[in-house]
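Novice: Sequence below, structure please.
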Amino acid sequence: GMHDSIKEQQEQFQSKRFYVQLPVAPGKRDKAELERWMPIGLVFLFHHLKRKRRVLVHGTKGRDRAVAVVLAFSVLVCPLTYPLRLRDDFVVFDIDAMAPQELVKTDSRYFYSDLRLALIDVLLKEDGRETFLNWMHNSTSTPQEPFADKERLRIALQLVTQYRENAEPTRSTMQKLNRFFMSSSMYHHNKGL
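Specialist: So this is what the prediction gives:
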């Protein structure tokens, strides 16, 4: 009857919505989780934007943690000019290349994210950030230098503020972003020679 078709429509609607929650405490209460979960937030954006889906990034107030994820994404895949847009070669990014190929075939998904469980497992390991940054370098054929520094993050923040006026990441969040991009061991191979 009619009730069944409404239920069916709701299920179809639900099946088109994807969601991932990053368990990151606000501000200074978070010690390392923003950096640990950042690759998950970023691959969620890659995955869904590549499929031409709209993505809402939100937190409690949309001022700090959510902004951090958008800033990280922007410095990686947007020319830092107004209006913000994805780089022309955005389609080249294949997030599944980060997970061991034999595991990619087992198609288990991480909750409602539509992301492969194998990928999440790889990114949450101790060297998850390195796996992610290496993949970015390989995908973009860029030299092994940091994708962002304080200056690029500051420019990205100015651009994001054009869309989200109350974007006000705390100093501690900006430091974590800086650390996420700058402190990887892969960038310290030439130091002190």
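Novice: Every contact and neighbour count from this point should use C-alpha atoms.
Specialist: Noted.
Novice: So for the chain, which residue is the most central one in space?
Specialist: Leu42 (1.1 Å; C-alpha atoms, centre = their mean).
Novice: Check which helix or strand the residue lying closest to it once chain neighbours are set aside maps to.
Specialist: Nearest non-adjacent residue to Leu42, counting by C-alpha to C-alpha, 6 or more residues apart in numbering: Phe73, 6.2 Å away. Using DSSP states H and E, Phe73 sits within helix 65-77.
Novice: Quick one: list the elements packing against that helix.
Specialist: helix 33-50, helix 150-161, helix 171-182 (3 or more C-alpha pairs under 8 Å, 6 or more residues apart in numbering; DSSP states H and E).
Novice: among those helices, which is nearest Val91?
Specialist: Closest approach to Val91 among those is made by helix 33-50 (6.2 Å; C-alpha to C-alpha).
Novice: quick check, distance from that closest one to the centre of its chain.
Specialist: 3 Å (C-alpha atoms, centre = their mean, to the nearest Å).
Novice: now stretch 130-148
Specialist: 14 Å.
Novice: Can you mark which positions in that stretch are buried?
Specialist: 130-136, 139, 146-148 (16 or more other C-alpha atoms under 10 Å).
Novice: I'd like to check which residues are in contact with the residue nearest to the centre of the chain.
Specialist: Each residue near Leu42 by C-alpha atoms under 8 Å, 6 or more residues apart in numbering is listed here: 69, 72-73.
Novice: Closest to Met182 out of the buried residues of stretch 130-148?
Specialist: Pro146 (5.7 Å).
Novice: And the closest one, how far from Gly27?
Specialist: Counting by C-alpha to C-alpha, to the nearest Å, the gap between Pro146 and Gly27 amounts to 24 Å.
Novice: and what of Ile155?
Specialist: 21 Å.
Novice: so who does Asn178 touch?
Specialist: 148-150, 153.
Novice: ok, now with 7 Å
Specialist: 149-150 (C-alpha atoms under 7 Å, 6 or more residues apart in numbering).
Novice: can you check the one 3 residues further on too?
Specialist: Contact analysis of Phe181 by C-alpha under 7 Å, 6+ apart lists 146-148.
Novice: Could you export the residues you listed as CSV, including secondary structure and pLDDT?
Specialist: What follows is these, written out as CSV (DSSP: H, G, I helix; E, B strand; the rest coil; pLDDT from 0 to 100):
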residue, secondary structure, pLDDT
Pro146, coil, 95
Phe147, coil, 96
Ala148, coil, 95
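Novice: Out of those residues, the closest to Tyr187 would be?
Specialist: Checking those one by one against Tyr187 (C-alpha to C-alpha), the nearest turns out to be Pro146, at 6.9 Å.
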